[in-house]
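Asker: Fold the stuff below for me.
(one chain, ligands or ions: 1)
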Amino acid sequence: MNVLGLHHITAMASDPRANFDFYTRVLGLRFVKKSVNQDDPGTYHLYYGDATGSPGSALTFFPWPGLRRGRPGSGQAYATGFSIPAGSIPFWKERLAKLGVPTEAVTKRFGDEVLTTFDPDGLRLELIATAESDPREPAPANDIPAGFRIRGFHSSTLGLTDSAATVNVLTQLMGYRLVSKEGSRARYTVANGGPGSYVDLLTDPALPRGLNGAGTIHHVAFRTPTDSAQQDAHSEIGRSGLHVSPIIDRAYFKSIYYREPTGILFEIATDQPGFAIDEPVESLGTKLGLPPHLESHRREIEAALPPLIIQP
Ligand code: ZN
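Answerer: Numbering: from 1, shown residues only. I've put the predicted structure just below:
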């Protein structure tokens with residue numbers, strides 16, 4: 001399979017405005033797309049990413065007002081890592097403390113410092129200060145100096161009680177390879193490697209089963225370059241015996257979905273056409289993006305959604 005790394009990660013939230021404030025104002029990500037859940041157009045689908053929302057940067061949310069909290073655990077993507085420059089942990093520690101955002105003690109992982117924090121729904125996020133080269137352009141953020149900004153995903157950590165079947169899917173089907181092991185964690189990479197490519201398997205037989213809800217990950221999407229690479233991936237997943245969805249046009253990318261053996265929902269998404277297909281890069285996130293079949297209901301849909309205050 002032609003997989004290039006992480007494409008986007010989608011999570012569940014309970015309050016669209018608190019979610020919007022946290023990711024744009026606290027983490028300084030760019031709000032790159034305001035859309036609706038295509039299966040539930042009365043709720044938002046919100047996308048936060050780098051300067052242009054490039055593949056490998058977008059953390060996206062389905063915010064359902066009042067959704068009960070989930071519990072991160074096994075059979076889930078357990079934590080989401082962002083790449084920040086080496087040496088920027090003290091800045092983030094101070095910033096998050098000043099803003100009243102909870103953090104855990106800084107830890108070391110494969111030589112990098114990791115600061116764990118939580119969004120308003122308790123979603124587990126890791127700021128990973130890596131010395132590895134990461135030339136991706138972060139979103140501009142007024143109050144975060146350029147040398148400290150989030151550059152996109154670093155890794156997704158999957159929670160497992162037994163990793164054998166998942167390792168098999170990653171390495172035999174998806175082209176991932178082992179980088180290193182440290183304690184109960186094993187790191188895998190694909191294609192050119194580096195931040196944005198990593199999948200960490202955290203294997204702990206005592207990890208309780210994860211429960212879906214606000215503050216948990218819904219699915220992890222992987223990049224594939226083209227429609228034809230996606231068609232090939234679709235055939236290979238089918239041949240492996242896993243159930244795979246048909247190819248679905250999500251307007252900004254095309255998607256296929258399958259569950260790895262412990263139940264974590266994976267998606268393979270195309271790099272093209274991207275978020276600039278229905279609004280210019282300069283004004284990404286300002287217009288409500290709707291798929292063609294919902295366009296005739298734009299007025300009612302817009303009226304039913306809570307407004308989000310977009311900073312200039
Ligand atoms: Zn997705």
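
Asker: Buried ones in the lengthiest helix in the chain, by neighbour count?
Answerer: Counting residues, the longest helix found in the chain (DSSP state H) is helix 227-240. Buried residues in helix 227-240, counting neighbours by 16 or more other CB atoms under 10 Å, are found at 229-230, 233-234, 236-237. Using the backbone N, CA and C atoms, a C-beta is placed for each residue, glycine as well.

Asker: tell me the SS of the nearest residue to residue 199 once chain neighbours are set aside?
Answerer: Spatially, and ignoring its direct neighbours in sequence, residue 199 is nearest to residue 188 (4.8 Å; CB to CB, 6 or more residues apart in numbering). Following DSSP: H, G, I helix; E, B strand; the rest coil, residue 188 is assigned to strand.

Asker: burial measure for the closest residue to residue 118 other than its chain neighbours, as a count.
Answerer: Nearest non-adjacent residue to residue 118, counting by CB to CB, 6+ apart: residue 102, 5.3 Å away. By other CB atoms under 10 Å, the residues close to residue 102 number 11.

Asker: what's the spacing between residue 128 and residue 30?
Answerer: As for residue 128, its distance to residue 30 is 20 Å (criterion: CB to CB, to the nearest Å).

Asker: sorry, that was for residue 177
Answerer: 32 Å.

Asker: more crowded one of those two?
Answerer: Under the criterion of other CB under 10 Å, the comparison of residue 177 against residue 30 puts residue 30 first, with 23 against 11.

Asker: So the more buried one versus residue 254, what's the distance?
Answerer: Relative to residue 254, and taking CB to CB, residue 30 is found at 23 Å.

Asker: ok, back up a step: dump the buried residues of helix 227-240 to a markdown table, plus distance to residue 73.
Answerer: Formatted as a markdown table, the buried residues of helix 227-240 follow (distance: CB to CB, whole Å):
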| residue | distance to residue 73 |
| --- | --- |
| 229 | 33 |
| 230 | 30 |
| 233 | 28 |
| 234 | 30 |
| 236 | 29 |
| 237 | 25 |
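
Asker: Which single one of those residues is nearest to the ion?
Answerer: For those, the minimum distance to the ion (CB to the ion) is 13.2 Å, reached by residue 230.

Asker: Around residue 133, how many other residues sit close by?
Answerer: 7.

Asker: roughly how far apart are the closest residue to it other than its chain neighbours and the ion?
Answerer: Excluding its sequence neighbours, the residue lying closest to residue 133 (CB to CB, 6+ apart) is residue 194, at 6.9 Å. Distance, residue 194 to the ion, by CB to the ion, to the nearest Å: 22 Å.
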